[in-house]
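Asker: With the input below, show me the fold.
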Amino acid sequence: MGKGYECIEVEIVGEKLCGIEEIAKKANMSESSIRRYVKMGLITPIKKEKGCYLLRETMLFRIEKIQRLRKDLGVNLSGIGIILDLLERIEDMNRQLSELMLKL
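Answerer: Numbering: from 1, shown residues only. Model prediction:
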């Protein structure tokens, strides 16, 4: 890791948090790409500790979506942000619809 910071893996309430270095390794990507995704708001770190971002390990699923959109469909990063936002809104609306249907 670049600045001499040591990142550790921690678990918080059953959730595994990893540093960017570990996430990059698991996603088979460069750390700079992960940092770019964070900077653009495509992925959100849980917290920044001693100069090191900690990310949920489940963020790998989102990174996988980003990679598919870029490689398979040729979408640029700005477009990916819009697509991911719309997908989240659809999921939220579907969840709300399911809750309403259960109440009927």
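
Asker: Okay, buried residues for whichever helix in the chain runs longest please.
Answerer: Ranked by number of residues, the top helix in the chain under DSSP state H is helix 77-103. Applying a neighbour-count criterion of 16 or more other C-beta atoms under 10 Å, the buried positions in helix 77-103 are I80, G81, L84. Heads up, the C-betas are built off the backbone N, CA and C, glycines and all.

Asker: Need those residues in JSON lines (columns: distance to V38 and pLDDT).
Answerer: Formatted as JSON lines, the entries for the buried residues of helix 77-103 read as follows, by distance: C-beta to C-beta, whole Å; pLDDT from 0 to 100:
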{"residue": "I80", "distance to V38": "14", "pLDDT": "97"}
{"residue": "G81", "distance to V38": "12", "pLDDT": "96"}
{"residue": "L84", "distance to V38": "14", "pLDDT": "96"}
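
Asker: Turn these into a markdown table, columns for distance to L42.
Answerer: As requested, the buried residues of helix 77-103 are arranged in a markdown table below (distance: C-beta to C-beta, whole Å):
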| residue | distance to L42 |
| --- | --- |
| I80 | 6 |
| G81 | 6 |
| L84 | 7 |
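
Asker: Name the nearest of those residues relative to I46.
Answerer: Distance ranking of the buried residues of helix 77-103 against I46, using C-beta to C-beta, places L84 first at 17.8 Å.

Asker: Contact partners for that closest one?
Answerer: Taking C-beta atoms under 8 Å, 6 or more residues apart in numbering, we find L84 in contact with L42, R62, K65, I66.

Asker: From I83, how far out is the closest residue to G81 other than its chain neighbours?
Answerer: Counting by C-beta to C-beta, 6 or more residues apart in numbering, G81 lies nearest to L42, which is 5.7 Å off, once chain neighbours are set aside. Distance of L42 to I83, given as C-beta to C-beta, to the nearest Å: 10 Å.
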